[in-house]
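Chemist: test case, fold it:
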Amino acid sequence: MSTQIRRMTLNDVDTVYELEKKIFKDSWSRRSFVNETRNTDYSFPFVLLLEEKIVAYAVVWYVSGELHINNIAVDPEFRRRGLAAELLEYILDVFQDFETAYLEVRISNKAAINLYEKYMFSKAAVRKKYYADGEDALIMVCKRAEIF
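Modeler: Next up, the predicted model:
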């Protein structure tokens, strides 16, 4: 199983957008992904390729020592292979000088919450009715000093 992680390009957007719609009920727009590829000052979108096919992606923002993980998503056909963990490890390695990392996750997404807890993210707060369907989001935080 040969994987590669690299920066998302404009040429990847259509594939990533199709994956996004497949994975999420409240998907990002195509334009959002286009903007993330162009916003190189603080936005860092990545794709994970398995045998040269995009099967996962992440978008993170990095500003003044703060890392915000906006999303990590894996094609449902390729889950349970450690790809989300591989992407998360890559992100934490690339931005290893971060002071604090943040993310939001659906309160019902136990698999993702368990993954984040393995990487020293802790539950910090709840955003009520954060998602379009009214589900709450769990805010999770990781302090650099806790993992390095």
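Chemist: which stretches of this structure form helices?
Modeler: 13-23, 30-38, 83-94, 110-118, 144-147 (DSSP state H).
Chemist: residue 102 is nearest to which of these?
Modeler: Smallest distance to residue 102 across the helices of the chain (C-beta to C-beta): 10.8 Å, for helix 110-118. In this view, the C-beta of every residue, glycine as well, is placed from N, C-alpha and C.
Chemist: ok so, going back, possible to save the helices of the chain as CSV with mean neighbour count, mean pLDDT and distance to residue 74?
Modeler: Converted to CSV, these look like this (neighbours: other C-beta atoms under 10 Å; pLDDT from 0 to 100; distance: least, C-beta to C-beta, whole Å):
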stretch, mean neighbour count, mean pLDDT, distance to residue 74
helix 13-23, 17, 96, 8
helix 30-38, 16, 95, 16
helix 83-94, 18, 95, 5
helix 110-118, 14, 95, 10
helix 144-147, 12, 61, 22
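Chemist: quick one: closest of those helices to residue 54.
Modeler: Nearest to residue 54 among these is helix 13-23; the distance by C-beta to C-beta comes to 4.9 Å.
Chemist: which residues touch the closest one?
Modeler: With contact meaning C-beta atoms under 8 Å, 6 or more residues apart in numbering, helix 13-23 is reached by 8, 27-30, 33-34, 37, 45, 47, 54-55, 57, 73-76.
Chemist: go with 6 Å
Modeler: With C-beta atoms under 6 Å, 6 or more residues apart in numbering as the test, helix 13-23 has contacts from 27-28, 30, 33-34, 54, 57, 73, 75.
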